[in-house]
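Student: Sharing a sequence plus its predicted fold:
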Amino acid sequence: MSGFVGSQVSNDERLANLEQVLFRPMGADGVRARTGLYERVLDGLTDFISTFRPEAAEVYRFPPVMSRSDIEKSGYLQSFPNLVGFMCCLAGSPAEIRRTANRIYEGEPWTEGLGVADLVLTPASCYPVYPIAAAKGAAPDQGWIFDVGCECFRREPSRDIDRMQSFRQREYVCIGSPETVCRFRDDWIVKAQSMAEQLQLPYSVDVANDPFFGAGGQFLAAGQREQKLKFELLIPILSHDKPTACMSFNYHKSHFGEAWDIHLARGGPAHTGCVGFGMDRMTIAMFAHHGLDLSAWPQPVLTLLGL
Ligand code: ATP
Ligand code: ZN
């Protein structure tokens, strides 16, 4: 495995350098302003991923918010209630809104004037696609493919450079028969490794689980691992001992098909799967392994990213 660029300094210093050059603080853990240098590489990775887009894919880019009832329907609140960001806005009559707004400036408690809105912050870029797929009618056996992406929010504040509350995901999502979805997922595990090799990043692939909430969550996580429903491609960012999940390969079985009443033309609920790219983690990984000076990056990597 290749080392980190900058590994002649302490690990804390190496991470502090990455933080300083790539980001500016925004006053909350895991929420950062991204520099132009960082965005150039993220844009290059975005275009690189697009070159792998299956021909038939329908493309959608979602806003950072989605309908609260859609997220309730998808079951997200059962599995990850601790991660969701609900939108609230000042509610009530114009006079009540004015009174609450005045309290803010008078330094008085005011948050009871907030009302829960009909929106949540989008937690993963594939969630808004299932209602769109459901509206298409019955799914063919050979499936539908979607290319989706958005800024995601998860309430997991951390000072670690690789764990953000607001981050970008890109996904290819497959909806079809169990065989189609499993083949899609397995093919992507292979393709993703070739992508990491082309980007000259050290990686490993391992079975994984989602961070299901609560005591019952441990049971769900164990079942997910046992059935090998989730794999991750990991790249060292913080350290070699604890590599970071930068891509994930998920088989949801009939979970979303049943939640959204998506049927196969041949009968039975549609199955779904997705490959998720953590755009911010992939970008940080590029700088961690190739350095902060783009002109010193391997030429084939620069060419691949159009830099
Ligand atoms: P599912 O659809 O089953 O919920 P998913 O693929 O949509 O799964 P995850 O596997 O949870 O979602 O996340 C996909 C990728 O997003 C991760 O591999 C990671 O790279 C990135 N990611 C997740 N959480 C964070 C975070 N807190 N900060 C930065 N990147 C993150
Ligand atoms: Zn997904």
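Tutor: Received it, and whenever you're ready, just let me know what you need. Numbering: from 1, shown residues only. Ligands and ions are numbered 1, 2, ... in the order given.
Student: Work out for me the element N209 sits within.
Tutor: N209 is part of no helix or strand, with elements assigned from DSSP states H and E.
Student: my guess is it contacts Q227, does it?
Tutor: No. With contact taken as CB atoms under 8 Å, N209 and Q227 are classed as non-touching, separated by 10.2 Å. For every residue, glycine as well, the C-beta is placed using N, CA and C.
Student: Which one's more surrounded, the two?
Tutor: Neighbour count, other CB atoms under 10 Å: between N209 and Q227, N209 has more, with 17 against 11.
Student: What residues does that one make contact with?
Tutor: L220, A221, A222, Q224, R225, K230 (CB atoms under 8 Å, 6 or more residues apart in numbering).
Student: how about these in CSV, adding secondary structure and distance to S239?
Tutor: Shown next, in CSV, are the contacts of N209 (DSSP: H, G, I helix; E, B strand; the rest coil; distance: CB to CB, whole Å):
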residue, secondary structure, distance to S239
L220, helix, 28
A221, helix, 23
A222, helix, 26
Q224, helix, 25
R225, helix, 23
K230, strand, 23
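Student: Tell me which two in these are the farthest apart.
Tutor: Taking CB to CB as the measure, the contacts of N209 span a maximum distance of 12.2 Å, between A222 and K230.
Student: okay, those two: which has more neighbours?
Tutor: K230 (22 against 12).
Student: Show me what that one is bridged to.
Tutor: Beta-bridge pairing for K230 (DSSP bridges): N250.
Student: I'd say it and S248 touch.
Tutor: Yes. Between K230 and S248 there is a contact under CB under 8 Å: 6.2 Å.
Student: Return the residues of this protein in contact with ligand 1.
Tutor: Residues of the chain found near ligand 1 (CB under 6 Å from any ligand atom) are 124, 126, 154, 156, 163-164, 167, 169, 171, 232, 245-248, 250, 274, 276, 278, 280-281.
Student: neighbours of whatever residue of the stretch 51-200 of the chain ends up closest to ligand 2, just the number please.
Tutor: Taking CB to the ion, ligand 2 has its nearest neighbour within the stretch 51-200 of the chain at C126, 3.3 Å off. C126 has 27 neighbours, counted by other CB under 10 Å.
Student: Would you mind giving the secondary structure of it?
Tutor: When classified by DSSP: H, G, I helix; E, B strand; the rest coil, C126 comes out as coil.
Student: For the stretch 201-307 of the chain, just list every one of the helices.
Tutor: Under the criterion DSSP state H, counting those that start in this stretch, the stretch 201-307 of the chain contains helices at 214-226, 255-259, 279-290, 299-304.
Student: Can you name every helix or strand that the shortest one contacts?
Tutor: Looking back up the chat, that one is helix 255-259. helix 68-74, strand 271-278 (3 or more CB pairs under 8 Å, 6 or more residues apart in numbering; DSSP states H and E).
Student: most tightly surrounded among the ones you listed?
Tutor: For these, average neighbour numbers computed from mean count of other CB atoms under 10 Å are highest in strand 271-278, which has a mean of 26.
Student: Given that strand, what are its sheet partners and their directions?
Tutor: Sheet pairing for strand 271-278, assigned by DSSP bridges, gives strand 166-176 (antiparallel), strand 244-253 (antiparallel).
Student: ok, that strand near ligand 2 or not?
Tutor: Yes. Residues of strand 271-278 contacting ligand 2 under CB under 5 Å from the ion: C274.
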